[in-house]
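Participant: Sequence unavailable; structure follows:
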């Protein structure tokens, strides 16, 4: 199974240091890792740096991979595409990068399964420009998954989804990660989702790693106060699940 | 509780695959239809002129030139065919250049003229026509097209050079192109102001665009450039299509966006500058050809690429026909007629389709 280790990862835009000294233990395949932190903390930059889309110091080491860096897929935040393409074509496009013109029956069967799995088969032949933000986000997930990644870096994949869809997607990703042995890192703002679905959590603030470890150990009242400047409690509900209860801004 | 399906419904799957295959087939048929229409306009273009021939006469002159009268053979093969083929190769080149320019700059208004390539070529031509300046000494006969080509490439390389600088965005390139258009147009106006009456008429005629000076050599050069450039775009079809989903998305697919854009820009420069240097300013095809193709076959480059080539070729070939029949006995400047014919056709497509095409 694949695993990803970050070693002193850093990045700059011009003279501005955006990421600095991000190191982690092994982020194992089959697990979901939440990447949390305030706005502009460097979460997207971290993903781009891991995916090799921007240069910098340090390294991201992939072990147990069959495809090397090609196995890493970054799913950016909603890009609001206005291309004259149908949803189906855009997913074919994602799956065929670097391949020949001919699209095989097997490729199409895989795309059909993916659309079914994400409950968006009804959107298949709508144009991308006609979709709502939430629908575009679901299509972006399908595009990323069509690339069969070993490591998937999802940048706020549920930010435009309604609550029902958020639960569906996160539940689906957890099952898919386990099934494929895929390492999934999700930048997410909803800490209750992180507590419920993510095995591990990385907390990023001002481009630095503040804390990392098991989500239940990381999401604490102290972390919330220091990172988000809020007074909050972590309480266990009647089903035994931990929840963040926010009292006030600190 | 989460309900995302893990099982698949066979009927639904069939529909997805089947619909996609049907979509692909429909697009192939559209391309075949445009190609057939192009064959028709090409034949018509050769049939029309001061001496009118029937389509049957043209076809027999094409298929069996030794069996037809000398006059017919000479008119078709030596006079009309270079012009008719020039219309096709120039239309195809400019439309393809416009299509890829719109793709890489993510701008529906982009065309070879947006980046000032045409304006630069116009200025180059005027240098030769008005000042007698040969930018490439030794080829006096071809002074005007060579001047136009050199200036077009200078403009292209300037934009290429600037776009390699760090931090230069797509918007910057478009703005730079517009600035070049104004600069070269101002310089051209100055040349026209200073020109003699005879030189002024020549410059004005050149800037209107004309196919009448087409020769087999010019056709061969334009076609050769097209033959070289099309495979270069074709092998990057998926990457170019991905560019339309945004830079971040294309990069996330593993594409080197910066390199892709620069490579495309160089090929576009070549595609745009050669035809302009031969036939003058024919602006409309590069803008509208790609838009018509986009409406008909979408933006999957496997269809958009041949679609743009065929639409541009058809547009200019049809315009060549119209320019001959509008005023019998006179061949009107093709650059002017392209816009006059193309605009109503383009509007009709927009209003009949009434769906998003950018």
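Facilitator: The structure has been received and is ready for your questions. Note that this is a predicted model, so its numbers are computed, not measured. Numbering: from 1, shown residues only, chains lettered A, B, ... in the order given.
Participant: for chain A, which spans come out with low pLDDT?
Facilitator: Within chain A, the segments meeting pLDDT under 70 span A:79-80.
Participant: how about the helices in it?
Facilitator: A:43-51, A:87-95, A:105-117, A:133-146, A:163-180, A:191-197, A:215-218, A:221-223 (DSSP state H).
Participant: wait, what's in contact with the residue most central in space within chain A?
Facilitator: Closest residue to the average C-alpha location of chain A: residue A:154 at 2.0 Å, with CA atoms, centre = their mean. By CB atoms under 8 Å, 6 or more residues apart in numbering or on different chains, the contact set of residue A:154 is A:75, A:141, A:144, A:173, A:184-187. In this view, the C-beta of every residue, glycine as well, is placed from N, C-alpha and C.
Participant: related to what we said a few turns ago, so can I have CSV of the helices of chain A showing distance to residue B:192?
Facilitator: Compiled in CSV, the helices of chain A are given as follows (distance: least, CB to CB, whole Å):
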stretch, distance to residue B:192
helix A:43-51, 51
helix A:87-95, 48
helix A:105-117, 57
helix A:133-146, 50
helix A:163-180, 63
helix A:191-197, 67
helix A:215-218, 72
helix A:221-223, 72
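Participant: ranking these by burial, who's on top?
Facilitator: helix A:87-95 (a mean of 25; mean count of other CB atoms under 10 Å in any protein chain shown).
Participant: Next, the residues that contact stretch B:83-93 from outside, please.
Facilitator: Residues contacting stretch B:83-93 (CB under 8 Å, 6+ apart): B:38, B:42, B:45-46, B:211-212, B:214, B:218-219, B:222-223, B:225-226, B:229, B:271-272, B:274-275, B:278-279, B:282, B:285, B:289, B:309-310, B:312-317, B:319-320, B:334.
Participant: Reformat the contacts of residue A:154 into TSV and put distance to residue B:141 next to each item.
Facilitator: Formatted as TSV, those follow (distance: CB to CB, whole Å):
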residue	distance to residue B:141
A:75	58
A:141	62
A:144	58
A:173	68
A:184	67
A:185	65
A:186	67
A:187	64
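Participant: Name the nearest residue to residue A:98, ignoring sequence neighbours.
Facilitator: Among residues not flanking residue A:98 along the chain, residue B:254 sits closest, at 6.5 Å (CB to CB, 6 or more residues apart in numbering or on different chains).
Participant: what about the one you found, is that helix, strand or coil?
Facilitator: Secondary structure for residue B:254, judged by DSSP: H, G, I helix; E, B strand; the rest coil, is coil.
Participant: that older thread, report the separation between the residue nearest to the centre of chain A and chain B.
Facilitator: With distances taken as CB to the nearest CB, to the nearest Å, residue A:154 is found 11 Å from chain B.
Participant: Any idea what that residue is bridged to?
Facilitator: Residue A:154 forms beta bridges with residue A:75, residue A:186, as assigned by DSSP bridges.
Participant: Quick check on the contacts of stretch B:83-93: which are buried?
Facilitator: B:38, B:42, B:45-46, B:211, B:214, B:218-219, B:222-223, B:225-226, B:229, B:271-272, B:274-275, B:278-279, B:282, B:285, B:289, B:309-310, B:312-317, B:319-320, B:334 (16 or more other CB atoms under 10 Å in any protein chain shown).
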